[in-house]
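Asker: one predicted model, sequence on top.
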Amino acid sequence: MIDSLPTRTRTYQNHSLNSNHWDLYLPRPDDIVISTSYKSGTTWVQNIVLQLIFLGQPKPALAETSPWFDFRSGSIEERIEKLTAQTHRRFIKSHLPLDALPYYPQVKYIVVGRDARDVFMSWWNHYSNYTDTMYAFLNDPDGRVGDPLPPCPQDIHEYWTTWMNRGRFEWESEGYPHSGNLYHTQSWWNFRHLENILFVHFNDLLGNLMEEIKRIADYLKINLPDKALSTIAQSVTFAAVKQNRTMMGPTPAEAAQIIWKQGLDTFFFKGTNGRWKEVLTEAELLLYEQAKSRVLTPDCARWLEQGRLALR
């Protein structure tokens, strides 16, 4: 654990990310930043926060409310304009590690984690279902730094070996071709002692959704009556979110049809853990153990594998 406050020491720029967008961010005292490695429960926690902020009010579409601030493509100026116009409590999505984000003591940060093996299975489905149009969009050379996003390998085992052994940035050693998955969590874990950083685990959301919603509400200082807690829990189960995906998806349904071969049905795929057990071999799992030893401290590794409730 590190005693000093976080400082911004890295710049993330590739086909999907531009951490320099945060230079334009002007924080409000009650802002919420939800930072996750990809496919770790980002949209799930965003929807929980949306339900809490708009408690007892009509709920807006998630895609129009919580911007992915460090996404390279599209107009960051338009995102800033929409964010500035919001009069409700703002909550922003990021896929950046803490060493690439500006840190503000008045902002609330929620970090969502998931076992890397489960992340991989979800990411494989996500990445392998990109359309040709999406590749062209991400790889637009205007403003892109570095190589284009390569096509997803057809063999899941081939890609697992690459994902576990190669980083996209020189300071990373896993997560290619997006960004480090394990590295992301460790960067935040180093500062878990700070009162304005909350860790939420995918396993805990699966295992005790109501308790985790209440914990998030308490952290955000939102008074949550028991009846409202039950209602929110029912509305953010995987089945409920998938059924209401046009309102609760990370991108409008029309755009999703362009991004993934099956639109939002691809994005909201399984919502389960453990599928890797029937896919990865013992030799392939050894690559995970090696990456874990390289990148994670033992306590961070235990949390990523087990979650908060399992460590009690």
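Answerer: That came through fine. This is a predicted model, so every value here is computed, not measured.
Asker: got the contact list for the residue lying closest to residue 222 once chain neighbours are set aside?
Answerer: Nearest residue to residue 222, sequence neighbours excluded (C-beta to C-beta, 6 or more residues apart in numbering): residue 52, at 5.0 Å. Using the backbone N, CA and C atoms, a C-beta is placed for each residue, glycine as well. Neighbour list for residue 52: 213, 216-217, 220, 222, 224, 232 [criterion: C-beta atoms under 8 Å, 6 or more residues apart in numbering].
Asker: what do you get if the cut-off is 7 Å, keeping everything else the same?
Answerer: 216-217, 220, 222, 224 (C-beta atoms under 7 Å, 6 or more residues apart in numbering).
Asker: in which helix or strand would I find it?
Answerer: helix 42-53 (DSSP states H and E).
Asker: format the CA atom coordinates belonging to the following helix or strand past that helix as PDB.
Answerer: Reading on from helix 42-53 to the C-terminus, the next helix or strand found by DSSP H and E is helix 76-85. The C-alpha trace of helix 76-85 is given here as PDB (Å, rounded to 0.1, in the frame of the first residue of the first chain):
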ATOM      1  CA  ILE A  76     -14.700  14.800 -26.900                       C
ATOM      2  CA  GLU A  77     -16.000  18.400 -27.100                       C
ATOM      3  CA  GLU A  78     -19.500  17.100 -27.600                       C
ATOM      4  CA  ARG A  79     -19.100  14.800 -24.600                       C
ATOM      5  CA  ILE A  80     -17.800  17.800 -22.500                       C
ATOM      6  CA  GLU A  81     -20.800  19.900 -23.600                       C
ATOM      7  CA  LYS A  82     -23.300  17.200 -22.700                       C
ATOM      8  CA  LEU A  83     -21.600  16.500 -19.400                       C
ATOM      9  CA  THR A  84     -21.500  20.200 -18.500                       C
ATOM     10  CA  ALA A  85     -25.200  20.600 -19.200                       C
END
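Asker: for helix 76-85, buried residues please.
Answerer: For helix 76-85, the buried set under the neighbour-count rule, 16 or more other C-beta atoms under 10 Å, comprises 76, 79-80, 83.
Asker: let me have the contacts of residue 52 in a markdown table, extended by neighbour count, secondary structure and distance to residue 11.
Answerer: Converted to a markdown table, the contacts of residue 52 look like this (neighbours: other C-beta atoms under 10 Å; DSSP: H, G, I helix; E, B strand; the rest coil; distance: C-beta to C-beta, whole Å):
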| residue | neighbour count | secondary structure | distance to residue 11 |
| --- | --- | --- | --- |
| 216 | 23 | helix | 30 |
| 217 | 20 | helix | 35 |
| 220 | 18 | coil | 30 |
| 222 | 15 | coil | 34 |
| 224 | 17 | coil | 38 |
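Asker: pLDDT and distance to residue 121 added to the residues you listed, as CSV?
Answerer: As requested, the contacts of residue 52 are exported to CSV (pLDDT from 0 to 100; distance: C-beta to C-beta, whole Å):
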residue, pLDDT, distance to residue 121
216, 98, 25
217, 98, 30
220, 98, 30
222, 97, 33
224, 95, 32
